[in-house]
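S.K.: sequence? don't have it. structure:
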């Protein structure tokens, strides 16, 4: 492989890494709607599903933001929500 081909391959690899990093960052952005799989457990006391826990762990860094938001605080701070957090093995946030 010539030097030009190596350089092109290197640039393409860097671009791919950049795209993957952007996708991961977008996936972990705070988005309360990402917790939709947990609504049955939080609102109705239903079973905590594996899908809920995956989303809860992904949104873990956002829980304090949601707890401070008047639109979500009643849900996030509820006893049911706290039991979902515990069931998913997510440490209780200290806000």
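M.R.: Yes, it's here. Just so it is clear, the model here is predicted, and its values are computed rather than measured.
S.K.: what pLDDT does the model give the residue nearest the centre of the chain?
M.R.: Among the residues of the chain, residue 58 comes closest to the average C-alpha position under C-alpha atoms, centre = their mean, at 2.5 Å. With respect to pLDDT, residue 58 has a value of 97.
S.K.: what about it, distance to residue 74?
M.R.: Residue 58 sits at a distance of 22 Å from residue 74 (criterion: C-beta to C-beta, to the nearest Å). For the C-beta atoms, the positions are set from N, CA and C on the backbone; glycine is no exception.
S.K.: next one: residue 67
M.R.: 10 Å.
S.K.: neighbour count: the two, which is higher?
M.R.: Neighbours were counted for residue 67 and for residue 74 using other C-beta atoms under 10 Å; residue 67 has more, 16 against 10.
S.K.: show me what contacts the more buried one?
M.R.: By C-beta atoms under 8 Å, 6 or more residues apart in numbering, the contact list for residue 67 reads 73, 76, 77, 93, 95.
S.K.: ok, and the most crowded of these?
M.R.: Sorting those by how many neighbours each has (other C-beta under 10 Å) puts residue 76 first, at 22 neighbours.
S.K.: point out where this protein drops to low pLDDT.
M.R.: 1-28 (pLDDT under 70).
S.K.: now do 90
M.R.: Low-confidence segments of the chain, defined by pLDDT under 90, are located at 1-28, 92-95.
S.K.: which stretches in it count as helices?
M.R.: 3-27, 39-44, 50-58, 63-68, 73-76, 79-87 (DSSP state H).
S.K.: quick one: residues contacting the residue nearest to residue 93 when sequence neighbours are not counted.
M.R.: Taking C-beta to C-beta, 6 or more residues apart in numbering, and ignoring the residues beside it in sequence, residue 93 has residue 63 as its nearest neighbour in space, at 4.5 Å. Listed by C-beta under 8 Å, 6+ apart, the contact partners of residue 63 are 76, 85, 90, 93, 95.
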